[in-house]
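# Generate coordinates for the sequence data below:
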Amino acid sequence: MDISNTLAAKSNQLNTDDLISGPITITISSVSAGSPEQPVAIGYEGDEGKPWYPCKSMRRVLVAAWGADASQYAGRRVTLFRDPEVMYGGIKVGGIRLSHLSNLDGPLSIALTVTRQKRAPYRVQPLAPAAPPAPAPDPTTAALAVCQSAGLTDLGLAAFCDLASSGTASTLAQLPAATLVRIVEGGISPETVAKCNTPPATELEPEPAEDLPLAWS
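Numbers count the residues shown, from 1 in each chain. Okay, the predicted model is just below:
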């Protein structure tokens, strides 16, 4: 049993506890003004009302990578992770940092303030483009997979098409698109499969009467 989904903290924003189970990659949906303490709220797909409020250091990285016009950020992606070494008030409290950004031509290095007396390079890697969504399967192909999974034989499939079209089709390709969708979404009942797979009864021709010898008395 994976219990990582039970670790999310109850909050109105993304925080370090949400990343205990590992980094996440988000797709930005909006950027809006926050509070004086957290001036930038970054909404992302699936945030469930918990936006990411980047700290000043991470805002500097975003500006260095993407420019200051945050209206251009929508659709871009960021990989976020929990850095347990982040200090606050002299105590390690952990914080959210970014490691990868989309829309980069190559690795990015920017000097960030570590302490009042120290600056250090912060490196960000380019994020690979998201894979394009898989094309929707052809309706006929999808319906055929459902029919085969249900157990229809070749003859049963022809009978099913005849049944589904009230006698006007013998193949799936001849069925209307709406009918194919119903097959994919609703499946085929075992009763229908059994009915269609059963060959129709054929009337047997009467056998010719045998020639019987005449009875002589």
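# domain parsing for the protein?
Domains of the chain are assigned by automatic domain parsing as 9-126, 139-197.
# If I look at the spatially most central residue of the chain, what pLDDT would I see?
For the chain, the residue sitting closest to the mean C-alpha position, by CA atoms, centre = their mean, is P133 at 8.4 Å. As predicted, P133 sits at a pLDDT of 80.
# what secondary structure does the residue lying closest to P23 once chain neighbours are set aside sit in?
Among residues not flanking P23 along the chain, F81 sits closest, at 4.0 Å (CB to CB, 6 or more residues apart in numbering). Every C-beta, even on glycine, is put in place using the N, C-alpha and C of the backbone. Classification of F81 using DSSP: H, G, I helix; E, B strand; the rest coil returns strand.
# residue contacts, F81?
19, 22-24, 96-99 (CB atoms under 8 Å, 6 or more residues apart in numbering).
# So it versus T16, what's the distance?
F81 sits 10 Å away from T16, going by CB to CB, to the nearest Å.
# which residues do these two both contact?
With CB under 8 Å, 6+ apart, F81 and T16 have common neighbours I96.
# Distance from the chain centre to the helix or strand of the chain with the lowest mean pLDDT, please.
Counting by mean pLDDT, DSSP states H and E, the chain has its least confident helix or strand at strand 87-88, which shows a mean of 74. Distance, stretch centre to chain centre, for strand 87-88: 37 Å (CA atoms, centre = their mean, to the nearest Å).
# Would you list the strands that it pairs with, along with their directions?
If you go by DSSP bridges, strand 87-88 pairs up with strand 91-92 (antiparallel).
# Mind listing the strands the following helix or strand past the partner strand pairs with, and their directions?
Toward the C-terminal end, the helix or strand that comes next after strand 91-92 (DSSP states H and E) is strand 95-101. Paired strands of strand 95-101, with direction, are strand 77-83 (antiparallel), strand 118-126 (parallel) (DSSP bridges).
# Quickly, which of the ones you listed bottoms out on average pLDDT?
Minimum mean pLDDT among the strands paired with strand 95-101: strand 118-126, a mean of 93.
# in what helix or strand does L163 lie?
Residue-wise, L163 maps onto helix 154-164 under DSSP H and E.
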